[in-house]
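Peer 1: got a sequence here, can you build the structure:
(one chain, ligands or ions: 1)
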Amino acid sequence: MLRHFFLFLSHRRALRRWMEHSPRAVALTSRFIAGREIEDAIRVTRQLNQAGLAATLDYLGESVTTLAEAAASRDVYLRLLEAIHAEGLNAGLNANVSLKLTQLGLDVSEAACRENVAAIARRVGELASFVRVDMESSAYTARTLALVSDLHETYPHIGTVLQSYLYRTAGDAEELLQRHIQVRLCKGAYDEPADVAFQKKSDVDANYAKLAQRLLLAGEHPALATHDEPVLREALRFAEAQGIAKDRFEIQMLYGIRRDLQTEHASQGYRVRVYVPFGGAWYPYFMRRLGERPANVWFLVRHLLRS
Ligand code: FDA
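Peer 2: Purely as a prediction, here's the structure:
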């Protein structure tokens, strides 16, 4: 219920304008978002690295409506890659990038979007980095998988994300396994109807467990992205029982969420990567995070009452 409400709010434009321009925005969002600029993301990445955590950097933005905005997003990613490289963050606990296709123009022109992502993937290859194409709502699943599969033939340093709440995901996983495309497995963050997605948490979790096992056994460096302790521990127990070495996969979590679990697993020798969002267009991302945990609502209310 709460989740649906926040996902509804995540599409409200007037509220978005007001919140993104609020003088209290930084105080409100700093728990989940690194800051507005590339430098903020780099600073947070350095802090994470010092704690033994890797990072994937996400320039916030989605659903752009012009090619100019899409090109501007592409250029931020290209500058971000240079900054990661110049700061030496690409070695050791390597930092890479995550992006969304609707931020690179998918709703405006699929061809232009492809060119934008190809330009990023090309530079990623030259810098021996990695780019992850995030998965958006189910309206984009097929197009995202098609575009990533196509680009992967030329640019092997590109991977994507699968969501365990979708019925179709087991089939998609097999396709990506065949193509040796790296998968990040998450539960899914959008409001999906019952004809495409499981509605009950227990079903989403059970599918996550099944998919995690399949990816651990056959996947190309899969990423287990979840803060769900029982779900994660079950997957890790499976990996251990199967003799799958800790460096054959990674755990991923979002910046500011379950920091205790992040450092605990890193100290046990697992590879843990933190998803670090930055930029001014933080509202939809922030609202999705609020909807995932009732306690986060009090966090929001406290801040709004103070403003
Ligand atoms: P679940 O929502 O069941 O939560 C389990 C527990 O985790 C909660 O009880 C709470 O303790 C903690 N928790 C979860 N969310 C929290 C929050 N916001 N604040 C505080 N505690 C919280 N989705 C998508 O559709 N496409 C994508 O590309 C990605 N990419 C992505 C990358 C990474 C690295 C992560 C970790 C997640 C994503 N997601 C995503 C989001 C994902 O689909 C999902 O919405 C969230 O991770 C929340 O689901 P959990 O697996 O954490 O479980």
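
Peer 1: how near is Val196 to Arg3?
Peer 2: 16 Å (Cβ to Cβ, to the nearest Å). (Glycine included, C-beta is placed from N, CA and C.)

Peer 1: typo on my end, it should be Leu151
Peer 2: 32 Å.

Peer 1: compare the two (neighbour count), which wins?
Peer 2: Leu151 (22 against 15; other Cβ atoms under 10 Å).

Peer 1: SS state for the more buried one?
Peer 2: What DSSP: H, G, I helix; E, B strand; the rest coil gives for Leu151 is helix.

Peer 1: ok, now which ones touch it?
Peer 2: If a contact means Cβ atoms under 8 Å, 6 or more residues apart in numbering, then Leu151 has Arg114, Val117, Ala118, Ala121, Ile158 as its contacts.

Peer 1: pLDDT at it, what is it?
Peer 2: Model confidence at Leu151, expressed as pLDDT, equals 98.

Peer 1: centroid residue for the protein?
Peer 2: Most central residue of the chain, judged by C-alpha distance to the mean C-alpha position with Cα atoms, centre = their mean, is Asp134 at 5.4 Å.

Peer 1: quick one, what contacts that residue?
Peer 2: With contact taken as Cβ under 8 Å, 6+ apart, Asp134 is in contact with Asp58, Ser98, Leu99, Lys100, Thr160, Val161.

Peer 1: one more pass at 7 Å, please.
Peer 2: Ser98, Leu99, Lys100, Val161 (Cβ atoms under 7 Å, 6 or more residues apart in numbering).

Peer 1: for it, grab phi and psi.
Peer 2: Note on Asp134: its backbone torsions stand at phi -60, psi 160 [degrees, to the nearest 10].

Peer 1: please shift the residue numbers so they start at 611 in all later answers.
Peer 2: Done: numbering now begins at 611, and the last item shifts to Asp744.

Peer 1: in the contacts of Asp744, find the pair that's most separated.
Peer 2: Maximum pairwise distance in those, criterion Cβ to Cβ, is 11.0 Å, between Leu709 and Val771.

Peer 1: where do the helices sit along the stretch 811-917 of the chain?
Peer 2: Secondary structure of the stretch 811-917 of the chain by DSSP state H, counting those that start in this stretch: the helices cover 811-828, 839-851, 869-877, 893-901, 904-916.

Peer 1: residues of the stretch 611-760 of the chain that sit close to the ligand?
Peer 2: For the stretch 611-760 of the chain, the residues in contact with the ligand (Cβ under 6 Å from any ligand atom) are Asp744, Met745.

Peer 1: for the ligand, what's its nearest residue on the stretch 611-760 of the chain.
Peer 2: In the stretch 611-760 of the chain, the residue that lies nearest the ligand is Asp744 (3.3 Å; Cβ to the nearest ligand atom).

Peer 1: what about that residue, distance to Asp668?
Peer 2: Shown here: Asp744 relative to Asp668, a distance of 7 Å by Cβ to Cβ.
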